[in-house]
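Novice: Kindly generate the corresponding structure for this input.
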Amino acid sequence: MPKFTPKQKFTKENISKVPDNKALVYKIENSTGKNLYTGIAGRGRGQERLYEHKDLPREKVPGGTKFQFVQVKNKERAKQVEKQIIRQEQPKFNEQGK
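Specialist: Here you go, the predicted structure:
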């Protein structure tokens, strides 16, 4: 399992600092550190995907106050890591058995 960044506040300012040069896997967590949602973004889409979870009503993750991410070499690897995390942590807003 790749190593995630330290947790950061789920703010637009912090999202704007997420590098976009590789695919990534991200987790959105609540104030107690419980994983609410795990997602992936292809190269060049990391910030965009995180902003969507912050701004779009149908994409919002209620209670999401922190996030962390890890860069991976490609989208296929991101999908593998995402699946493993969903299986282990069963985030509330992910489709289980993905």
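Novice: which residues in the chain form helices?
Specialist: When assigned using DSSP state H, the helices of the chain occupy the ranges 12-15, 46-55, 75-89.
Novice: So what would you say the end-to-end distance of stretch 1-11 is?
Specialist: 26 Å (CA to CA, to the nearest Å).
Novice: Low-confidence ranges, the chain, go.
Specialist: Counting by pLDDT under 70, the low-confidence segments of the chain come to 97-98.
Novice: And for the residue nearest the centre of it, nearest residue in space, chain neighbours not counted?
Specialist: By CA atoms, centre = their mean, the chain has its centre lying nearest to Tyr26, at 2.1 Å. Excluding its sequence neighbours, the residue lying closest to Tyr26 (CB to CB, 6 or more residues apart in numbering) is Phe69, at 4.1 Å. Heads up, the C-betas are built off the backbone N, CA and C, glycines and all.
Novice: and that neighbour, what does it touch?
Specialist: Phe69 is in contact with Phe4, Thr5, Val18, Leu24, Val25, Tyr26, Lys27, Gly46, counting by CB atoms under 8 Å, 6 or more residues apart in numbering.
Novice: 7 Å - rerun?
Specialist: Neighbouring residues of Phe69 by CB atoms under 7 Å, 6 or more residues apart in numbering: Phe4, Thr5, Val18, Leu24, Val25, Tyr26, Gly46.
Novice: Could you do Lys7 as well?
Specialist: Residues in contact with Lys7 (CB under 7 Å, 6+ apart) are Glu29, Lys66, Gln68.
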